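Q: when you get a sec, could you give me coordinates for this:
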Amino acid sequence: MTTEDFDSLVPKRSFNRRDFVGTAVGSGFAAAVLPVSAQTITTDTQGLEAGPVTVPVGDFQMPAYAAWPAGKKNAPVVLVISEIFGVHEHIADVARRFAKQGYFAVAPDLFVRQGDAKAVTDIARLMSEIISKVPDEQVMRDLDATVAWAKSKGGNTGHLGITGFCWGGRITWLFAAHNPAVKAGVAWYGRLQGSSTPLTPKHPIDVVGQLKAPVLGLYGGQDGGIPVASVAAMQEALQQGSKAAKASEFVVYKDAGHAFHADYRPSYRADAAKDGWAKCLAWFKQHGV
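A: Here you go, the predicted structure:
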């Protein structure tokens with residue numbers, strides 16, 4: 001996909017349009033990121049089935065946002081994993097972008113048991129009261145259930161991919177080591193190393209031996225939270241890992257910082273975002289998603 005294709009797919013929105021916290025999953029922007037930027041991108045639903053859905057996880061009904069081409073059966077499935085802000089308008093828009101490319105895209109609300117990430121105005125409180133209380137084991141179980149739900153709705157989980165941003169980037173690496181159905185992952189600036197805790201016992205660098213699908217890492221060279229030394233350590237570890245680990249790759253955009261794909265925030269870097277999107281689609285195609 002060229003940058004011109006990307007531009008035609010996602011027209012810009014005006015600054016003051018729908019700058020609010022919506023109640024339904026996938027609607028409105030998270031309170032912690034308001035006001036959103038004038039460069040924020042919108043993808044329409046023409047030719048798509050798109051909107052909030054419910055994914056059963058045992059007795060629990062997990063909210064999610066899904067989008068897929070209208071009338072298309074057996075579309076390959078892509079899981080879209082949010083940043084700490086939950087499944088707000090930007091994540092729903094990314095799901096629609098994948099649907100426009102022929103995918104059955106699903107973005108599950110993985111924080112909902114701990115609280116409403118969209119409603120918290122303060123990032124420090126969001127981290128301490130909600131995000132830090134989400135167990136990795138719960139997330140893996142929720143994603144397994146999301147895959148099963150997508151299959152029940154006609155999605156082709158024989159061609160399963162996963163992509164995620166920031167918090168979701170770390171989860172992308174972990175799920176690629178967890179579920180053998182995954183064909184490929186694309187992790188956007190997800191944390192690679194960290195301390196072990198009861199809720200987050202392992203990090204991507206700890207599971208390179210268990211990776212079941214190759215992951216493309218898209219990272220920023222100016223990311224203060226994920227230094228290039230962390231990327232280098234992960235690259236070295238991958239070469240000692242599984243076959244899928246050895247097939248994994250990184251692209252580091254030297255002038256980009258964290259959240260360079262987030263078009264609704266000042267951190268957005270259009271050139272890196274467009275190139276990363278093209279590389280994401282090509283990676284999925286290359287690896288059978």
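Q: so, low pLDDT: which residues of the protein?
A: 1-23 (pLDDT under 70).
Q: contacting residues around the residue nearest in space to the middle of it?
A: Most central in the chain under Cα atoms, centre = their mean is residue 164, positioned 2.0 Å from the mean C-alpha point. Counting by Cβ atoms under 8 Å, 6 or more residues apart in numbering, residue 164 makes contact with 79, 80, 81, 82, 170, 171, 172, 187, 188, 190. To be clear about C-beta, it is placed using only N, CA and C from the backbone, and glycine gets the same treatment.
Q: I'd like these as TSV, with neighbour count appended.
A: What follows is the contacts of residue 164, written out as TSV (neighbours: other Cβ atoms under 10 Å):
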residue	neighbour count
79	28
80	29
81	30
82	27
170	25
171	28
172	30
187	31
188	28
190	26
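Q: name the next helix or strand downstream of the helix or strand containing the residue nearest to the centre of the chain, please.
A: If you go by DSSP states H and E, residue 164 is part of strand 156-165. Later in the chain than strand 156-165, the nearest helix or strand by DSSP H and E is helix 167-178.
Q: so what does that following helix touch, helix or strand wise?
A: Other elements packing on helix 167-178 under the criterion 3 or more Cβ pairs under 8 Å, 6 or more residues apart in numbering; DSSP states H and E are strand 76-81, helix 136-152, strand 156-165, strand 182-188, strand 215-220.
Q: contact partners of that helix?
A: Contacts of helix 167-178 (Cβ under 8 Å, 6+ apart): 79-84, 110, 131, 136, 139-140, 143-144, 162-164, 182, 184-192, 202-204, 207-208, 210-215, 217, 244.
Q: from those, keep the buried residues only.
A: Taking 16 or more other Cβ atoms under 10 Å as the criterion, what is buried in those is 79-84, 110, 131, 136, 139-140, 143, 162-164, 182, 184-192, 203-204, 207-208, 211-215, 217, 244.
Q: quick check: closest non-adjacent residue to residue 83.
A: Nearest residue to residue 83, sequence neighbours excluded (Cβ to Cβ, 6 or more residues apart in numbering): residue 166, at 4.1 Å.
Q: typo on my end, it should be residue 273
A: residue 261 (4.6 Å).
Q: where does the one you found land in three-state SS?
A: Following DSSP: H, G, I helix; E, B strand; the rest coil, the label given to residue 261 is coil.
Q: pull the distance from stretch 118-128 to the chain's centre.
A: 19 Å (Cα atoms, centre = their mean, to the nearest Å).
Q: with just CA atoms, put that stretch into CSV.
A: Extracted C-alpha coordinates of stretch 118-128, given in CSV (Å, rounded to 0.1, in the frame of the first residue of the first chain):
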residue,chain,number,x,y,z
LYS,A,118,-12.1,5.8,28.6
ALA,A,119,-13.6,7.7,31.5
VAL,A,120,-10.5,8.4,33.6
THR,A,121,-9.1,11.9,33.0
ASP,A,122,-5.7,11.5,34.7
ILE,A,123,-3.1,9.1,33.1
ALA,A,124,-1.4,8.4,36.4
ARG,A,125,-4.7,7.4,38.0
LEU,A,126,-5.6,5.4,34.9
MET,A,127,-2.4,3.4,35.3
SER,A,128,-2.6,2.8,39.0
